[in-house]
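pasting the sequence and the predicted coordinates here, then a few questions.
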Amino acid sequence: MLDIMDLHTHTLASGHAYNTLYELAQTASKRGVTLLGCSDHGPAMPGSCHFWHFKNFKVIPRTVFGVKIMMGAELNITDYEGSVDMDQELLESLDYSIASLHTHVLKAALPFRTPTPAWEPLKIQPSIL
Ligand SMILES: [Zn+2]
């Protein structure tokens, strides 16, 4: 199978990944990936990106090593109602976004709540945390 896109990637700006955007694009190019999305973590993730990281995406070239680049975010779901850690205006300035449940973000926001059915997939596959 040939992967033609990868939309869930993190750069060293996320605080727990170790490559630059250019290194990711270079590897994507070598592997035949034609669309690379950068989805660094939203600000609620400890050590991750702040507001200006996302606000300054206009300076990023949209093609690197022949790979089309989309700049987005992996949002943190911060409560049981589906709120995320980015305001609407900034969210709309991104090329795209994905959202995930990260236990340490959710536990920090709501330490005394009982888990809801939204947690069930995480119990089955804890590695997605
Ligand atoms: Zn991720």
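The structure has been received and is ready for your questions. Residues are numbered from 1 along each chain as shown.

for Arg31, list the residues it contacts.
Listed by CB atoms under 8 Å, 6 or more residues apart in numbering, the contact set of Arg31 reads Asp3. C-beta: built from backbone N, CA, C; applies to glycine.

can you pull out the helices in this structure?
Using DSSP state H, the helices of the chain run over 21-31, 51-55, 88-93, 103-109, 120-124.

how many residues are close by Ala73?
A count of neighbours around Ala73, defined by other CB atoms under 10 Å, yields 29.

if we can go back for a sec, between the helices of the chain, which one is nearest to Met1?
Met1 lies closest, by CB to CB, to one member of these: helix 21-31, at 11.9 Å.

mean confidence score for that closest one?
Average pLDDT, helix 21-31: 97.

do stretch 82-95 as well
In the prediction, stretch 82-95 has an average pLDDT of 95.

mind listing what's buried in that stretch?
By 16 or more other CB atoms under 10 Å, the buried positions in stretch 82-95 come out as 84-86, 94-95.

what does the strand ranked longest in the chain rub up against?
In the chain, with assignment by DSSP state E, the single longest strand is strand 67-76. With contact meaning CB under 8 Å, 6+ apart, strand 67-76 is reached by 7-8, 10, 21, 25, 28-29, 33-42, 44-45, 49, 54, 57, 60-63, 84-86, 91, 94-100, 102, 105-106.

since that was my last question, I'll sign off now.
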